[in-house]
Structure formats: C-alpha cells, structure tokens
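1. Turn this into a model:
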Amino acid sequence: MDFAHESEATERALIRYRRIALITVIAVYFLFLVGASVRASGAGMGCPDWPTCFGQWIPPTAESQLPSNYQEIYAERGYAETRFNVVKTWTEYFNRLVGATIGLLIFATAWISWPLRKYDRSIAIASIAAFFMVGFQGWLGAKVVGSNLQPGMITIHMLMALAIVGVLIFAMAQARRGIMESQPISSIDPHFEKLLYAVLFFTICQIAMGTQVREMTDYISKAQGEELRSTWVQAMPWFFYVHRSFSAVVLFANLWMGWLLYRSLGFDHSLTKLALGMIVVVSIAIASGATLGHLGMPAFVQPTHLLASALLFGLQFLIWMSYRHARDAKASGELAAA
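-> The predicted structure is shown next:
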C-alpha cells in the first residue's frame with residue numbers, strides 16, 4: 001500500500017514538473033524573440049543603466065521625465081548622438097521584465113523538481129543548475145549594458161540563453177523518461193543514430209557561424225549606419241557566404257533524418273512527429289536567412305531567424321534525448337530476455 005501511494009505521489013510530482021518545465025521552456029524561447037527584437041531594433045541602449053532605467057525603476061514616457069544630464073550618460077557610454085526614444089526604452093524594459101519573469105519560473109521549476117530527487121536525481125540537479133545559470137545570465141546582462149553593447153558580450157549572452165534551454169530540455173526529457181521508454185524503436189533505421197549526431201553537429205556549427213555573422217552585422221551597422229542597411233551584405237566577410245551556403249547541408253541532413261524516421265517508424269511515432277516539427281522550423285530558419293541575405297537585412301526578420309535557429313537546436317536535442325531513453329529501454333529489455 002505504501003509503495004502504491006509513493007508511486008502515485010511520484011507520478012503527480014512528475015506531471016506537475018512536466019507542466020511547469022514546458023511553460024518555462026516556452027517562456028525562455030519567448031525571451032529569445034524579445035531579446036532578438038531588442039537587438040534588431042537597436043533598443044539595447046533604450047535604458048543605459050542596469051537594473052534601473054535612467055536611474056528609475058519605472059522607465060520614463062517622455063523626455064521631460066529624464067534626468068537633466070541624460071545625454072551625458074549616453075556620451076559616457078559612447079552614444080553621444082543618441083536621443084531618447086520612448087519605444088526603444090520600453091522595448092528594452094519589457095525585455096528585462098520578461099527576463100525577471102523567467103527567473104521566477106525557473107525558480108518554481110527548481111522548487112517543484114526537489115521532490116523528484118529520489119526518482120531521478122538528475123532532474124533536480126539540472127533544474128537547480130538552470131536557476132543558477134539564469135542568475136549568471138542576469139549578471140551577464142548587466143555586463144552587456146556596461147560594455148556599451150559590445151558584440152562579443154551580446155553573443156555570449158545569447159549562447160548562455162541557449163545553454164539554459166538545453167539544460168531545461170534535458171530535465172524535462174528526464175521527467176518524460178517513462179513515456180519515451182514506452183516508444184518502440186526496434187524497426188528504426190540502423191543509420192539513424194550516426195545521422196542524428198551529424199545533424200546536431202551541423203546545427204551547432206551553423207549557429208556558431210551565425211553568431212559571428214551577427215557580430216559582424218553589428219560592426220557594419222555602426223560603421224555604415226541604418227540608412228545604408230541594404231548595402232550591409234556587400235560588406236560581409238567570407239564566412240557569411242559559408243554560413244549561407246552551409247544552410248543547404250543543414251536542410252538536406254534534417255530532411256534525410258526525417259525521412260529515415262518516417263520510413264522506419266511511421267508517422268504516428270513521437271520521434272517522427274518531432275522530426276516533422278524540426279523540418280518546419282529549419283525551413284523557417286533558412287527562408288528567413290535567405291530574406292536577410294537577399295532583401296537588404298530587414299530588421300523585422302532577424303528575430304524570426306534567431307528564434308527558428310534556437311528552436312531547431314531544442315527540437316534536435318529533444319529528439320536525441322527521446323531516442324536515447326527508448327534505445328536504453330530496448331537494450332535493457334533485450335538483456336532481461338537473454
């Protein structure tokens with residue numbers, strides 16, 4: 001009786017954790033979108049200080065509400081020509097509010113994970129690690145503002161957000177281990193595992209190149225100004241063209257992996273459905289990238305491109321975790337049968 005009661009309590013805790021973890025992951029991806037919008041719109045210096053905004057906890061809505069020396073504050077940070085823009089100020093402030101909300105969500109995720117430490121210690125460890133990573137991310141955000149939005153610091157800030165997503169997806173997948181283990185993969189194509197690792201490697205390389213392209217975009221934008229945005233592509237170095245061409249390799253690898261799963265497992269299998277979502281997302285990433293490269297870097301497309309790239313990594317990581325659990329369950333079953 002006690003064992004049955006403990007099992008029911010664990011299952012309820014798992015259900016609660018899966019829900020809060022999913023909400024938190026979605027919120028982190030929303031932060032990707034908001035953060036990319038801040039960067040694309042040039043709103044990063046909408047609030048030149050941190051954690052306050054012009055020394056206030058609630059940002060101003062008019063220039064008359066600013067400190068008398070606000071232009072000196074901008075000048076000290078290397079933005080002497082910058083004028084107050086209420087839209088950019090509140091865009092940056094909204095970004096900070098979303099970040100703070102995610103901090104609370106991840107704290108709740110870590111709190112709810114604690115009762116699961118006896119079921120699977122890695123769930124609690126990963127959730128608590130994500131909480132401390134978010135704290136580091138907040139400190140890093142302050143450094144980004146203090147560095148006058150140095151491109152290298154912005155890239156580190158973005159990669160840290162991607163790492164947080166990976167840790168949260170790992171914990172969420174561990175909490176879904178029982179569900180994943182019940183998925184049969186005995187008929188899966190023998191080449192799938194090697195292809196999966198190759199696809200993950202290609203995606204990480206492509207994202208790494210993309211961060212370098214984004215850094216170079218920041219340098220070019222400072223040198224040429226927003227009015228020459230349509231000519232930025234012409235000033236790009238060679239790795240921009242490698243990044244653009246390599247997208248064909250990434251697309252082909254994702255399509256091939258999706259086809260292998262569909263052919264060997266059928267459409268109704270969870271891995272196949274995840275792969276279908278992966279193909280949709282990689283198509284959006286490539287289409288938005290092509291739009292940026294051929295239509296003069298329109299600012300509104302940049303957040304879509306970054307979000308799709310981050311989603312692609314997350315889906316591929318979830319496929320890997322799902323496959324790993326199903327593979328280990330299959331191996332354990334074969335060992336028990338022997």
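
2. Could you list the low-confidence segments of the stretch 1-150 of the chain?
-> 1-6, 73, 75-81, 142, 144-150 (pLDDT under 70).

3. Quick one: the strands in it, in order.
-> Assigned strands in the stretch 1-150 of the chain: none (criterion: DSSP state E, counting those that start in this stretch).

4. Please identify the buried residues of stretch 127-137?
-> S127, I128, A129, A130, F131, M133, V134, Q137 (16 or more other Cβ atoms under 10 Å). In short, each C-beta sits where N, CA and C put it, glycine included.

5. quick one: the last one from I20, how far?
-> Just to be clear, that refers to Q137. 19 Å (Cβ to Cβ, to the nearest Å).

6. helices or strands next to the host helix or strand of V281 in the packing?
-> V281 belongs to helix 270-294 when assigned by DSSP states H and E. Judged by 3 or more Cβ pairs under 8 Å, 6 or more residues apart in numbering; DSSP states H and E, the packing partners of helix 270-294 are helix 238-265, helix 302-337.

7. quick one, helices of the stretch 101-250 of the chain?
-> Using DSSP state H, counting those that start in this stretch, the helices assigned to the stretch 101-250 of the chain run over residues 121-146, 151-175, 177-181, 192-224, 238-265.

8. looking at it, H191 is touching L260, isn't it?
-> Yes. Assessed by Cβ atoms under 8 Å, H191 is found in contact with L260 at 6.7 Å.

9. who's more crowded, those two?
-> More crowded of H191 and L260, by other Cβ atoms under 10 Å: L260, with 20 against 12.

10. Now that one: closest residue in space, sequence neighbours ignored.
-> D189 (4.4 Å; Cβ to Cβ, 6 or more residues apart in numbering).

11. Mind pulling the model confidence for the one you found?
-> In this model, D189 is scored at 83, pLDDT.

12. Count the residues that sit near it.
-> Neighbour count for D189, taken as other Cβ under 10 Å: 15.

13. residues in contact with it?
-> Going by Cβ atoms under 8 Å, 6 or more residues apart in numbering, D189 touches L260, L261, R263, S264.

14. so what's V34 up against?
-> Contacts of V34 (Cβ under 8 Å, 6+ apart): F94, N95, V98.

15. from the middle of its chain, how far away would the longest helix along the chain be?
-> Longest helix of the chain, by residue count under DSSP state H: helix 2-41. Relative to its parent chain, helix 2-41 has a centroid offset of 14 Å by Cα atoms, centre = their mean, to the nearest Å.

16. Please point out which parts of it sit buried.
-> Going by 16+ other Cβ under 10 Å, helix 2-41 has these buried residues: 13-14, 17-18, 20-22, 24-25, 27-29, 31-32, 34-41.

17. With stretch 241-258 instead?
-> For stretch 241-258, by 16+ other Cβ under 10 Å, it's H243, R244, F246, S247, V250, L251, A253, N254, M257, G258.

18. what do you get for stretch 60-70?
-> P60, L66, Y70.

19. just stretch 265-283 next, same as before
-> Those would be L265, H269, S270, L271, T272, L274, A275, G277, M278, I279, V281, V282, for stretch 265-283 by 16+ other Cβ under 10 Å.

20. For the third one, which non-adjacent residue is spatially closest?
-> Here the nearest residue to S270 in space, its sequence neighbours aside, is Q183; by Cβ to Cβ, 6+ apart that works out to 5.6 Å.

21. and if you look at the second one?
-> By the measure of Cβ to Cβ, 6+ apart, the closest residue to H269 outside its immediate chain neighbours is Q183, 6.6 Å from it.

22. so the one you found makes contact with S322?
-> Yes. Contact criterion Cβ under 8 Å: Q183 and S322 qualify, at 7.2 Å.

23. okay, and the common contacts of the two?
-> In contact with both Q183 and S322: S270, L271, using Cβ under 8 Å, 6+ apart.

24. now I286, nearest residue through space, not along the chain?
-> Closest to I286 by Cβ to Cβ, 6+ apart is S247, at 5.0 Å.

25. was I right about the one you found contacting Q206?
-> Yes. Here S247 reaches Q206: they are 6.8 Å apart, a contact under Cβ under 8 Å.

26. before we move on, back to that, neighbour-wise, which one of the contacts of V34 leads?
-> That'd be N95 among the contacts of V34, by other Cβ under 10 Å, with 22 neighbours.

27. Break the protein into its domains for me.
-> For the chain, automatic domain parsing gives the domain ranges 1-175, 179-338.

28. on that earlier part again, could you measure the residue nearest to I286 against I112, distance?
-> Distance of S247 to I112, given as Cβ to Cβ: 39 Å.
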